[in-house]
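Student: structure for this input, please:
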Amino acid sequence: MGKTIKLVVSDIDGTIMTGREPFPEILAEAVKDLAMRGIGFTFASGRLPCRIDPYMAAMNLKAPVIACNGTLLYDGEQIIKSRSFRIGLLRPMVRKALDLDMTVLYAVKGTEYCAKETEAVKRKRKERGTYHEIREIREEEWEKLLVDKVNIMDERERVGELEDEVLALREEVSTTHYGQRGLEIVTAGYSKATGLREIAEYLGLELGEIMAVGDNENDNEFLQIAGIGVAVANAEPDTKQWADYVTEAAGAAGVVEAITRFCV
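Tutor: The predicted model follows:
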C-alpha cells in the first residue's frame, strides 16, 4: 500500500490470544525484529494495565498503551489520559444484571473487583485458584465511586436482556457487545480510535504511519482511521469490512503475517 509504518498497535483478546494461553512466541520474535528496524509495537485493549504490563515488560516495549478501550492511555508509569465515570450511572443496569445472576466486574484505579459472587465466579475461582476480589457496591458509593470500566458477563448468553438499560444510557456511556455473553461499558465518546488519535499526537506520528490490528466491533473505527487497518482471519465478519487487509492466518499468526507484509 506504499505506506511507511512506524508503529504497530494491536488488540489482544481474540486478535493475539483467545484464552489464558502464554503470549505467542511467534509474535514476540516478530516484535523483536520490528524493534531492530526502528518500528514500535504496542497494544490497544479493553484490558486494564495490570493485564497488559506483563507483556510490555516481557518484550521490553516502551511505547504508550491504549487501555480500557481508549479511556485510559499511559506511558510506563505516566498516565497520559484517564476518563472514569460514576458507577451510579449504571445502577439500574447493574442491579438488573445481578438479579439475573450475571457476573459484574468494575475497575477502580486500575484494580478490578467483582460486585457479587455468582455461580460462574465460584467456578472460575475453583478452576483458576484465584479470581477478582468480591467487593459489593455500598449504598453510599453509587453516586461518588468513579470507575474505569464495567464488564457484565453471562455464560447463558442473556446480555441482550439489558438492552433497554443500554439504550437509556447511550449518551452517557459507550458499550461494546461480545455477542450475548459480554458487555463492556466505558465513558461515552471514547474508543480505541480516539485513543489511537491521541497516541499518534503524543508520539508526533501521522495516523498514516500506524498499522492497527483487531478482530471485534470495538476495533472497527480503530482499523478504519489507521494508515493500514488489519483484521485477522478469525475476526468478526463486520470488522473485516472495516479493514484494508484481512489475513489468511488467524490469531497471532495473522498479526505476524501483517507485520511481514507491511512492515519491511
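
Student: centroid-nearest residue for this protein?
Tutor: Nearest to the mean C-alpha position of the chain, by C-alpha atoms, centre = their mean, lies G46 at 1.9 Å.

Student: tell me which strands the worst-scoring helix or strand of the chain on mean pLDDT pairs with, and in which orientation.
Tutor: One helix or strand of the chain scores below all others by mean pLDDT, DSSP states H and E: strand 173-178, with a mean of 87. Applying DSSP bridges, strand 173-178 is found paired with strand 182-187 (antiparallel).

Student: pull the CA coordinates from the strand it pairs with and hand them back as CSV.
Tutor: C-alpha atoms of strand 182-187 as CSV (Å, rounded to 0.1, in the frame of the first residue of the first chain):
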residue,chain,number,x,y,z
GLY,A,182,-20.5,-9.9,27.4
LEU,A,183,-21.0,-6.2,27.6
GLU,A,184,-18.2,-3.7,28.3
ILE,A,185,-19.1,-0.1,29.4
VAL,A,186,-16.8,2.9,29.4
THR,A,187,-17.2,6.7,29.3
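
Student: could you name the helices and strands sitting against the helix or strand following it?
Tutor: Using DSSP states H and E, the helix or strand that follows strand 182-187 in sequence is helix 192-203. Contacts defined by 3 or more C-beta pairs under 8 Å, 6 or more residues apart in numbering; DSSP states H and E place helix 192-203 against strand 7-10, strand 65-67, strand 72-75, strand 78-82, strand 210-214, helix 220-225. In short, each C-beta sits where N, CA and C put it, glycine included.

Student: again, only this time at 10 Å
Tutor: strand 7-10, strand 40-43, strand 65-67, strand 72-75, strand 78-82, strand 210-214, helix 220-225 (3 or more C-beta pairs under 10 Å, 6 or more residues apart in numbering; DSSP states H and E).
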